[in-house]
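Colleague: Sequence isn't available, so here's the structure alone:
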């Protein structure tokens, strides 16, 4: 490991205008000292990612982009003077990016050694020296068994290990400035906590760290200071504790209010003693030699929301597919007294025919005497003007609302929601959660709500089932489980999620 | 749609309109008789009376090119239609049928693919005998495997997509799925490929005629005109250049349009 240079980030009066988008950043000033962590938070579209890319010198390469600043110093380089070549030389060596999607940012065909060592290979570090530095970086990123991992490919690693490998790839070049763009959004609660702890440790070693996120509470674990970005301006900046406890700006308050926390508002709707609408009894599903769901039993009563939580790969989605009948169990049975069960998928865009308009999508899904497409949109809080649009032109929150409207078009008794908010930023997420609660309250709709995010599950469910390795390890009324978890794994999950 | 075509697309569209007019009503564009010979007028270079010159028998080359459009472009169109039709049947059968059918069709398509298109077309013409009909059949059969393969992979992708999975969950039957989702999402992308294919097919039709395997000599087919003019290339350049230009321009126009359509569809 080379010695870390005593530089950080100093930005004064930074403005960025992009062709087609206009002014994206306006008069932004930031300072990050070595050994310090600044969190940049804001809604999607606030300019967070453009800020990250400008600090890396990537925005400057966009044709037609205008970047002006009174001061723009990153890791000891004056980015205003540096040419394209200089900026390229700076990346990896002095400033590095930790990417958002750990699951997709690694090339599936290349070994971990090749992926992590890429920065070194580009800098023509001799092959003999490379291996040692890759191993050192992997160890530093919290993968002690680095020697054994070198020859593996990303598919053989868990999500948490991949995120660590990505972080190793960022620090292998000895960069003194790290920029992490939503580093934990794709991770489940326990893995996210560990990744954040690792980033905190890298900061303690003297690196300047910029954490970009839409989730104020998540970054609060490591950030020393927080800057809130809104429409390209820094509207509030201060020590993390001050911003969290006494937010001064309305945008900050909205961001904080949107973070799901505490028990479900409105309390538990008591289900009458009717036979359950959906019941899985001891269902098992195997794929070749992997048991995805192992003797799981759940029931969903009329008008209740059952939350299913667990880490990625714990079998939540497979259980959902068994419940809606998309797959048959190898063992056990699923009983359905509900007339109609509908799915709200994780990725709504992929589940819409790209050639169809919103109106056609809704019309095709109507069954019986369902309301008109315009009325359906109104139920999910969207303007009828969206009827003529295609899904690709909608925002993430609008797409998820259209997906819910489509599920409602059949007049279902049960909605199965598979990670419906995990791809959305906190403000949009809060809106969707409120919508789901309202549908339950007003229409008596029963729901199965699947998520890796414990705070989100607590926010909507009456009962909760905790899954691990295909089994349901604990189930019960939400607040009881959260207050006094019986299973040690549940206790660990809850500790990580709050 | 028109606005998305851009300047080059608009020019190509205009040129295509002229070509279609020449195919549908050649007498309107060039009123003369393409077969009328007047030996006294032979070997005239381009002039006001004969903008593209005349050939060895004194026939007006512009008139012949215009009247030849239906032969060259018409055969190209018909051959592409045949190729796509066959490709559709093979592609949908392989993409949606049972695994054994897919495997069997896959091997057949691979064998056909092993032969270059023109070589296969030559082989078929050699078996069927020369003429317009066998040109259509030969080029149609030779291009079908390409379309089948594109369609099959596209069909597979769409059939596995989340939206088809969702529609299946909603209880849509296989026919509804095909009509509503699979066919539109696979056929529209094929339109641009087909437009590119027509241009290519016209080049192949002309190549077959040039080799003397297409339309018989007096007919004003572009490839045949090239072949006839080849003998006089040192003295009468216009006899080869203009039919050659007709082939090139037609192929370029269709290629530009095909690419624009592919871009607009995305």
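Modeller: Great, that's in hand. Note that the structure is predicted; figures quoted are calculated from it, not measured.
Colleague: can you give me phi and psi for the closest residue to residue A:307 other than its chain neighbours?
Modeller: Counting by CB to CB, 6 or more residues apart in numbering or on different chains, residue A:461 is the residue found nearest to residue A:307 once chain neighbours are left out, at 3.1 Å. No exception for glycine: its C-beta is placed from N, CA and C like everyone else's. Torsion angles at residue A:461 (phi, psi; degrees, to the nearest 10) stand at phi -100, psi 150.
Colleague: what about the closest residue to chain B within the stretch 101-250 of chain A, is that helix, strand or coil?
Modeller: Closest contact between the stretch 101-250 of chain A and chain B, by CB to the nearest CB, is at residue A:104 (16.7 Å). Following DSSP: H, G, I helix; E, B strand; the rest coil, we place residue A:104 in the coil state.
Colleague: how close does it get to residue A:155?
Modeller: The gap separating residue A:104 from residue A:155 is 11 Å, by CB to CB, to the nearest Å.
Colleague: Could you do residue B:121 as well?
Modeller: Counting by CB to CB - residue B:121 and residue A:155 are separated by 45 Å.
Colleague: Check residue B:41 too.
Modeller: 75 Å.
Colleague: Residue B:175 too?
Modeller: On the measure of CB to CB, residue B:175 and residue A:155 end up 38 Å apart.
Colleague: Likewise for residue B:207?
Modeller: 48 Å.
Colleague: Count the residues that sit near the nearest residue to residue A:171 once chain neighbours are set aside.
Modeller: Leaving out its chain neighbours, the residue that sits closest to residue A:171 by CB to CB, 6+ apart is residue A:137, at 5.4 Å. The local packing of residue A:137 (other CB atoms under 10 Å in any protein chain shown) involves 25 other residues.
Colleague: can you list the residues that contact the helix or strand hosting residue A:137?
Modeller: Taking DSSP states H and E as the definition, residue A:137 sits inside helix A:127-140. Residues outside helix A:127-140 that contact it (CB atoms under 8 Å, 6 or more residues apart in numbering or on different chains) are A:1, A:112-113, A:116-117, A:120-121, A:125, A:146-147, A:149-150, A:164-165, A:168-169, A:171-172, A:202.
Colleague: ok, then the element right after that helix?
Modeller: Per DSSP H and E, the helix or strand that comes after helix A:127-140 is helix A:146-149.
Colleague: For stretch B:152-167, which residues meet the burial criterion?
Modeller: B:152, B:154-156, B:158-159, B:161-167 (16 or more other CB atoms under 10 Å in any protein chain shown).
Colleague: For residue 50, grab the count of nearby residues.
Modeller: Just so you know, I chose chain A. For residue A:50, the neighbour count with other CB under 10 Å is 23.
Colleague: wrong one, chain B
Modeller: Residue B:50 has 20 nearby residues by other CB under 10 Å.
Colleague: Please apply the same query to the one 3 residues further on.
Modeller: Counted with other CB under 10 Å, the neighbours of residue B:53 add up to 21.
Colleague: Secondary structure element holding residue A:11?
Modeller: With DSSP H and E as the test, residue A:11 turns up in strand A:9-18.
Colleague: roughly how far out does the helix holding residue A:137 sit from the chain middle?
Modeller: In terms of CA atoms, centre = their mean, to the nearest Å, the centre of helix A:127-140 is found 30 Å from the chain centre.
Colleague: Check stretch A:16-29 too.
Modeller: On CA atoms, centre = their mean, the centre of stretch A:16-29 falls 25 Å from that of its chain.
Colleague: who's in contact with that stretch?
Modeller: A:11-15, A:47, A:50-51, A:54, A:59, A:62-68, A:229, A:231-234.
Colleague: and residue A:416, that's in a strand?
Modeller: Yes - assignment of residue A:416 by three-state DSSP places it within a strand.
Colleague: for residue A:465, helix, strand, or coil?
Modeller: Residue A:465 - assigned by three-state DSSP - is strand.
Colleague: For it, which non-adjacent residue is spatially closest?
Modeller: In space, and not counting its chain neighbours, residue A:465 is closest to residue A:475: 4.2 Å by CB to CB, 6+ apart.
Colleague: Hmm, residue A:300 and the one you found touching each other?
Modeller: No - counting by CB atoms under 8 Å, residue A:300 is not a contact partner of residue A:475; they are 11.8 Å apart.
Colleague: Give me the more crowded residue out of those two.
Modeller: Set side by side, residue A:475 and residue A:300 show more neighbours around residue A:300, with 25 against 20, by other CB under 10 Å.
Colleague: give me phi/psi at that one?
Modeller: According to degrees, to the nearest 10, residue A:300 has phi -130, psi 120.
Colleague: and it, what is it in contact with?
Modeller: So residue A:300 contacts A:276, A:277, A:278, A:279, A:306, A:414, A:446, A:447, A:448 (CB under 8 Å, 6+ apart).
Colleague: Name the nearest residue to it, sequence neighbours excluded.
Modeller: Nearest non-adjacent residue to residue A:300 (CB to CB, 6+ apart): residue A:278, at 4.4 Å.
Colleague: give me phi/psi at that neighbour?
Modeller: According to degrees, to the nearest 10, residue A:278 has phi -140, psi 130.
Colleague: I'd say it and residue A:325 touch.
Modeller: No - between residue A:278 and residue A:325 there is no contact under CB under 8 Å: 10.0 Å.
Colleague: Sounds good, over and out.
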